[in-house]
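A.B. asks: I would like to see how this sequence folds:
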Amino acid sequence: MSVHHRLFGRSASGAALAASILAVAAGLHAAPAHAVYKALTFISVSCTDSVQAGEEVVCTATVEGSSGAGPGTGKVTFGGHNTKPGSVKACLLVEQSPSRSECNIWYRPEIDGTATRTETVTAKYAGDATHKSATGTHYDPATGNVKSGAKDYITVTPAPAPPHMTLTCDGSVPAGGQATCTVYDTLDWGPYFPSGDIVFKSSRPAGFANPKKCTLTHSPEGETSFGSVSCSIVYTPPGAGSENRKDKITATFHEDGTWNELVMNAEIAVPVNSDG
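C.D. replies: Residues are numbered from 1 along each chain as shown. All right, here's what the predicted structure looks like:
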């Protein structure tokens, strides 16, 4: 049997040997494989400890790589719990030292009620050409343990209601007459005036024409304040008056991103009409 036949014949051993020869020949032309080393990476996040709702929080993500890998590059992605959707996003890392990089995000906890709450912010690093991805760890104050995931906690205290906002209405008006109700507020500090609409209700709903609201407008500052905001609405007591009738007026200022909600009340006496 010829050599050719022994190598490339139909026998199982010949076919296996031929395949081996072809594989070796192909391997002579294959590019050598190189393992890509990526440094171990750690991420942490630190935020403002405590803030009033509506004020700005700053969170700093720190990415550290093992020695010799250089600072991490790329993006840190943030998330949160109890945070306003879309308010916590991402930032691009900036070198701080040969092995450390940082970046910051800012967001404002929304004004939501009058109770103190806790918000959490999380951070993840996707890695780059020389650094592995990282999710980090955090200290859990509830259990006293270290847990997985880079996270920090923010105590959010409620925003105050406008401190000097008042509702005043004409004290007495006969049924069918017109009483003016005015909401007024002045500030003796800071530039953040209450803004938006004041919504009115009454114990006799028919007394207010639609829309049952007025929009606060700003007046120039005075000698002892930064100015004022106010708006007015007309109330027409329906029905018939009586000796002891008092219509209750409620005006509500809804939070505007700086100030919390405020509900104000006033009363208007509706006596018997003088014409009988």
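A.B. asks: surely residue 261 meets residue 253?
C.D. replies: Yes: between residue 261 and residue 253 there is a contact at 6.4 Å, judged by C-beta atoms under 8 Å. Placement of C-beta: from N, CA and C, glycine included.
A.B. asks: common neighbours of the two, please.
C.D. replies: Common neighbours of residue 261 and residue 253 (criterion: C-beta atoms under 8 Å, 6 or more residues apart in numbering): residue 161.
A.B. asks: so those two - more neighbours on which side?
C.D. replies: Legend: neighbour count by other C-beta atoms under 10 Å for residue 261 and residue 253, higher for residue 253 (24 against 16).
A.B. asks: isn't that one right up against residue 195?
C.D. replies: No: contact criterion C-beta under 8 Å: residue 253 and residue 195 do not qualify, at 9.6 Å.
A.B. asks: ok, for residue 97, nearest residue in space, not its chain neighbours?
C.D. replies: Counting by C-beta to C-beta, 6 or more residues apart in numbering, residue 71 is the residue found nearest to residue 97 once chain neighbours are left out, at 6.9 Å.
A.B. asks: and that neighbour, how far from residue 65?
C.D. replies: 7 Å (C-beta to C-beta, to the nearest Å).
A.B. asks: quick one, which of those two is more surrounded?
C.D. replies: A count of neighbours by other C-beta under 10 Å puts residue 65 above the other of residue 71 and residue 65, at 24 against 20.
A.B. asks: next up, the contacts around that one.
C.D. replies: 39, 40, 41, 42, 71, 72, 99, 100, 130, 131.
A.B. asks: and it, what are its bridge partners?
C.D. replies: Applying DSSP bridges to residue 65 gives these bridge partners: residue 41.
A.B. asks: look at the residue nearest to residue 97 and report its pLDDT.
C.D. replies: For residue 71, the model assigns a pLDDT of 90.
A.B. asks: likewise the one 3 residues further on?
C.D. replies: For residue 74, the model assigns a pLDDT of 94.
A.B. asks: can you count the residues close to it?
C.D. replies: 17.
A.B. asks: pull up the gap between it and residue 235, please.
C.D. replies: Residue 74 is 61 Å from residue 235, by C-beta to C-beta.
A.B. asks: what do you get for residue 164?
C.D. replies: In terms of C-beta to C-beta, residue 164 sits 23 Å off from residue 235.
A.B. asks: kindly report the same for residue 259.
C.D. replies: 25 Å.
A.B. asks: alright, calling it a day.
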